[in-house]
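Below: sequence and its predicted model.
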Amino acid sequence: MKPELNLTARSAWLDPVAPKPAGPDRPFWTALAAAVIVACLGLALASGRLRDYTPFGPYSVTVPLSFKTYDPARWAVMNAEDYEAALKIDPTLPDPNSVGYADATALPPADPAALRDEAFVGPPAKSYVFRGVTALDRERAHYCLTSAIYYEAASETDDGMRGVAQVIINRARHPSFPNTICGVVFQGSQRAGVCQFTFSCDGAMARAPSKPNWLRASRIASAALGGYVFPKVGLATHYHTTAIWPRWGKSLVMTNIVGAHIFHRWRGRWGMPDAFRAPYLGREPVPGPYLPVAQQLAILKGQGIAPGAGPLPAITGPAAAAPLPDVAAAPLPSTMAQQGRDIGTPTAPAPATPPVTYSDPRLNQSGQIRQEFQKSGEWIR
């Protein structure tokens, strides 16, 4: 009979099991030591003490180049006359039209004079079309801009008139000024001596405009309201005659001299294209001047006082019988507003109308500059 093997019995040849020491288990101490080491490494990394040791220190990467220092094929591609010639050398070149780039050879050559002007004047204004809500708004904007162009630059060339028009357009698009054409032109005209454009508060509008220069100013105003940009003055918002230099001249950046006017723009970002983004309201106020011309003349002659300082004394002389009418309230030179046409639309010649006459015979001298109007067009100091 074969004896059975007892596999569970311990062999006498094996070493006896070592007695278990008293106290906590040894794995606990091992885990605690590992945790302390990890914490120390984290603190060292956070403090940057291991930045000079690998693998935590600086390292370098080598990128293989696909061409030599002097590769004739690459030089031939860069010196190719056009894209087709370069494509014959390297068929893997990407299509420039795929990213929206136009063919440079199709662009007209750059004008050196235009580049010099742009470097001196600064960036030009962006084209903007002033569309009034109604035909009356469009006619008011056209009349106000025409008045400013005429009374500020009637003796100037077309470029001189365009410079004045561009300043008014720039102001209407800038948040520092009213966002309407009439608001910009007649800003401050309700008080003598604080108007932005002196013709609106120094009695200059008492002169009846000459028809040829008024029509020329009207044509330039129509183009400016229709989006025409005069780049020679850039983003100018101020100007003055060459005969004076105001105190604020040094605080602005001069852009150019056109005719008898020196043009300036704001410094810094306030004078860059991003600032000229004020929306056009489309609702034009009633054209000025907001201080009657009769009161302007009285103040100019020393026979009146500014608004708010007391009652206006009576005007003596031939004009005492009736107040002087306001030229701004007279019929406009064109009949576009009454016929509901857009600004700049040519119209048939209107029937001849009698000229506007004034109670004071001294004002019925069209085309002649009187002594009190010799400085008309200059900024008030």
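All right, it came through fine. Numbers count the residues shown, from 1 in each chain.

from here on, contacts and neighbour counts on C-alpha atoms
OK.

And the next helix or strand past the helix or strand where Gly163 lies?
Here Gly163, judged by DSSP states H and E, is contained in helix 158-172. Using DSSP H and E, the helix or strand that follows helix 158-172 towards the C-terminus is helix 181-185.

Run through the neighbouring helices and strands of that next one.
helix 135-153, helix 158-172 (3 or more C-alpha pairs under 8 Å, 6 or more residues apart in numbering; DSSP states H and E).

Kindly reformat those as a markdown table containing mean neighbour count.
Shown next, in a markdown table, are those (neighbours: other C-alpha atoms under 10 Å):
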| stretch | mean neighbour count |
| --- | --- |
| helix 135-153 | 24 |
| helix 158-172 | 24 |
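
Leu93 is nearest to which of those?
Closest approach to Leu93 among those is made by helix 158-172 (44.8 Å; C-alpha to C-alpha).

Show residues contacting the closest one.
125, 145, 148-150, 152-154, 177-181, 184-185, 216-217, 220-221, 224-225, 229-230, 232-233, 235-239, 258-261, 276, 278, 280 (C-alpha atoms under 8 Å, 6 or more residues apart in numbering).

for His238, which residues make a bridge with it?
Each beta-bridge partner of His238 is listed here, defined by DSSP bridges: His264.

residue contacts, it?
His238 is in contact with 167, 263-265, counting by C-alpha under 8 Å, 6+ apart.

hmm, 10 Å instead?
Residues near His238 by C-alpha atoms under 10 Å, 6 or more residues apart in numbering: 164, 167-168, 170-171, 196, 248-249, 252-255, 261-266, 379.

do Lys232 as well
114, 117-118, 120-124, 159, 162-163, 166, 255-258, 263.

Also Pro212?
154, 218.

Send over the helix or strand where it lies as PDB, restricted to the C-alpha atoms.
Assigned by DSSP H and E, Pro212 falls within helix 211-225. Provided in PDB are the C-alpha atoms of helix 211-225 (Å, rounded to 0.1, in the frame of the first residue of the first chain):
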ATOM      1  CA  LYS A 211     -23.500 132.400 -57.500                       C
ATOM      2  CA  PRO A 212     -20.400 130.900 -59.300                       C
ATOM      3  CA  ASN A 213     -18.600 130.200 -56.000                       C
ATOM      4  CA  TRP A 214     -21.700 128.900 -54.300                       C
ATOM      5  CA  LEU A 215     -22.300 126.400 -57.100                       C
ATOM      6  CA  ARG A 216     -18.700 125.300 -56.900                       C
ATOM      7  CA  ALA A 217     -19.000 124.800 -53.200                       C
ATOM      8  CA  SER A 218     -22.300 123.000 -53.700                       C
ATOM      9  CA  ARG A 219     -20.700 120.600 -56.200                       C
ATOM     10  CA  ILE A 220     -17.800 119.800 -53.800                       C
ATOM     11  CA  ALA A 221     -20.300 119.300 -50.900                       C
ATOM     12  CA  SER A 222     -22.300 116.800 -52.900                       C
ATOM     13  CA  ALA A 223     -19.200 114.800 -53.700                       C
ATOM     14  CA  ALA A 224     -18.100 114.800 -50.000                       C
ATOM     15  CA  LEU A 225     -21.500 113.700 -48.800                       C
END
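
quick one: buried residues of that helix?
For helix 211-225, the neighbour count (16 or more other C-alpha atoms under 10 Å) marks 213-225 as buried.
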